[in-house]
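Trainee: just the structure for this:
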Amino acid sequence: MKKSRGRTGRKRRRKHLRSLCAVNCSHKLEYIKLKKWLKDRGFEDSNLRPAEFLGTGRGLMTTKALQAGDLIISLPEKCLLTTGTVLSSCLGEYIMKWKPPVSPLIALCTFLIAEKHIGEKSPWKPYIDVLPKTYTCPVCLEHDAVSLLPETLRMKAQEQRTMVHELYVSSKAFFSSLQPLFAESAETIFNYSALEWAWCTINTRTIYMKHSQRECFSLEPDVYALAPYLDLLNHSPNVQVKAAFNEQTRSYEIRTNSQCKRYEEVFICYGPHDNQRLLLEYGFVAMDNPHSSVYVSSDTLLKYFPPLDKQRNAKLSILRDHDFLENLTFGWDGPSWRLLTALKLLNLGADEFTCWRRTLLGDVISARNEQQTLNITAKICHFLIEETQHVLLQISQLKRSKENLKTHLALVEALRLENLKILQRSAEILCNLSMATT
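Mentor: Take a look at the predicted model:
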């Protein structure tokens, strides 16, 4: 009979298994310097450790078990990087006299670029050093990777790229005005790549913190704060937290509403976002995300309706006027109510068209309309499954031929694989529904 190893042995084995999933990075020089820098600003923490995790990459590990209601982190106001930080720097006088006023976003971008450029002389160097060198937001993705995104996300990615480019063009004159602060050319320092990096840093890492309106800034909301160390916490759709600035302690605090075992990664939730939103705003995809959806474009929708339908234009006009041509989705529980409603309206027969208002309210118009809607929904679902499988094959081929795109392609692949699972689940649900109604 095999001898039992006892409780000590079990604990040792559990700790060994956890160590396979996480590598403590506290010993690394950049984190030692960051923790000292934060301590000098009043931050005390003995429970969170920077670590590399299998699946999520860099994050924070807890050295004690957390219970619902426990404080995860309390970051003093002095540690936060806000527009107030920017105005108190050498950039302040240039921002205050520039007309028309720059946005709070551009002020923060400018500060990050300037501090990164001056290197050792920057009081924020310990924080700048641990920021990502590159990002995977769509604005940073190579064209080959963007072209393989789902249509609705691809369009938003192009809009994001255009927006960042326009932000750069509209800020060039302001950047040039900063020349007296630098020995090098301001145009070289504040180039497009630098702005793209700074914009991604702010877009992916800031916490929401409302500040009072200042005359030296444009009217865009001043709601950004970069939170060193706290911003190492990764997102999970399966946890809940309470996060806010505590006026009494003058600290930004996060409390967990979930449990977390000792030596496991501590997660926070950025919001109930689907994977398209997560990729667009933060540059990552969450596996088995309960909020994930597959979007159906209006072009895909209309492929399955005869162009000779005399009421086609009137139906489209109704859907457009009542905002039923966007946010049409398949989810883990099948086609959304919005998608089915849009399809029911498009499926109305000539003698049923006068019932369109009842259709939008969710009424059943006829058994024929219900069955036809399910049939076309199933066809759309199968079309999207085939399209997704085709794209996954393309990604597989590209990964072999374009080594430099591997990271970008892996991200698109993760999104497409999640979409495929959702569509296959929806196809099963539609098959069951169809069988139940026949």
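
Trainee: low-scoring stretches of the chain, by residue?
Mentor: Scanning the chain for pLDDT under 70 picks out 1-20, 438.

Trainee: longest helix of it?
Mentor: helix 367-401 (DSSP state H).

Trainee: that helix: which residues count as buried?
Mentor: Buried positions in helix 367-401, judged by neighbour count with 16 or more other Cβ atoms under 10 Å: 369-370, 372-374, 376-378, 380-381, 384-385, 387-388, 391-392, 394-395, 398. For glycine as for every other residue, the C-beta is placed from the backbone atoms N, C-alpha and C.

Trainee: any idea how far Leu167 is from Thr206?
Mentor: 16 Å (Cβ to Cβ, to the nearest Å).

Trainee: and Leu54, by the same measure?
Mentor: Using Cβ to Cβ, Leu54 is found at 27 Å from Thr206.

Trainee: more neighbours: these two, which one.
Mentor: Using other Cβ atoms under 10 Å, the more surrounded residue of Leu54 and Thr206 is Thr206, with 19 against 10.

Trainee: hey, what's the residue lying closest to the more buried one once chain neighbours are set aside bridged with?
Mentor: Among residues not flanking Thr206 along the chain, Tyr224 sits closest, at 4.4 Å (Cβ to Cβ, 6 or more residues apart in numbering). Applying DSSP bridges to Tyr224 yields these beta-bridge partners: Tyr208.

Trainee: centre of the chain to the helix or strand Ala436 falls within, how far?
Mentor: In the assignment (DSSP states H and E), Ala436 maps to helix 406-437. Using Cα atoms, centre = their mean, to the nearest Å, the mean C-alpha position of helix 406-437 is found 20 Å from that of the whole chain.

Trainee: give the other helices and strands that it contacts.
Mentor: helix 143-146, helix 275-282, strand 294-295, strand 329-331, strand 334-335, helix 367-401 (3 or more Cβ pairs under 8 Å, 6 or more residues apart in numbering; DSSP states H and E).

Trainee: residues of that helix that come out buried?
Mentor: For helix 406-437, the neighbour count (16+ other Cβ under 10 Å) marks 408-409, 411-416, 418-420, 422-423, 425-427, 429-430, 433 as buried.

Trainee: quick check: angle from that helix to helix 275-282?
Mentor: Interaxial angle of helix 406-437 relative to helix 275-282 (axes from the mean of the first three to the mean of the last three Cα atoms, to 10 degrees): 160 degrees.

Trainee: tell me the angle helix 406-437 makes with helix 367-401.
Mentor: Angle of helix 406-437 versus helix 367-401, following the same axes, to 10 degrees, is 160 degrees.

Trainee: tell me where the chain has strands.
Mentor: 22-24, 48-53, 57-62, 71-76, 206-208, 224-226, 234-235, 241-246, 251-256, 267-268, 294-295, 329-331, 334-335 (DSSP state E).

Trainee: of all those strands, which lies closest to Tyr127?
Mentor: For Tyr127, the closest of these is strand 224-226, at 7.7 Å, according to Cβ to Cβ.

Trainee: just how off-centre is the closest one within its chain?
Mentor: Centroid displacement of strand 224-226 relative to its chain, using Cα atoms, centre = their mean, is 16 Å.

Trainee: show residues contacting that strand.
Mentor: Contacts to strand 224-226, defined as Cβ atoms under 8 Å, 6 or more residues apart in numbering, come from residues 80-83, 104-105, 108, 127, 201-202, 205-209, 252.

Trainee: ok, now with 6 Å
Mentor: 80-82, 108, 206-207, 209 (Cβ atoms under 6 Å, 6 or more residues apart in numbering).

Trainee: same deal with stretch 358-377?
Mentor: With contacts defined as Cβ under 6 Å, 6+ apart, stretch 358-377 is touched by 304, 322, 335, 343-345, 347, 352, 355, 430, 433-434, 437.

Trainee: nearest to Phe182, of those residues?
Mentor: His322 (54.2 Å).

Trainee: residues touching the closest one, list them.
Mentor: Going by Cβ under 6 Å, 6+ apart, His322 touches Leu360.

Trainee: apply 10 Å and report the result again.
Mentor: By Cβ atoms under 10 Å, 6 or more residues apart in numbering, the contact set of His322 is 341-342, 345, 356-357, 360.

Trainee: list buried residues within those residues.
Mentor: Using 16+ other Cβ under 10 Å as the burial test, the contacts of His322 include 341-342, 345, 356, 360 as buried.

Trainee: so Ile385 makes contact with Gln424?
Mentor: Yes - counting by Cβ atoms under 10 Å, Ile385 does reach Gln424; the two are 6.5 Å apart.

Trainee: list the buried residues of stretch 195-212.
Mentor: Counting neighbours by 16+ other Cβ under 10 Å, one finds that the buried residues in stretch 195-212 are 195-207, 209.

Trainee: now do stretch 289-309
Mentor: Within stretch 289-309, the residues that count as buried by 16+ other Cβ under 10 Å are 289, 292-297, 300-301, 309.

Trainee: equivalent analysis for stretch 37-47, please.
Mentor: For stretch 37-47, burial by neighbour count (16+ other Cβ under 10 Å) applies to 37-38, 43, 45, 47.

Trainee: same check on stretch 133-151?
Mentor: Those would be 135-141, 144-146, 148-150, for stretch 133-151 by 16+ other Cβ under 10 Å.

Trainee: quote the end-to-end distance of it.
Mentor: Start and end residues of stretch 133-151 are separated by 29 Å (Cα to Cα, to the nearest Å).

Trainee: distance between it and the chain's centre?
Mentor: Here the centre of stretch 133-151 is set off from its chain's centre by 13 Å, with Cα atoms, centre = their mean.
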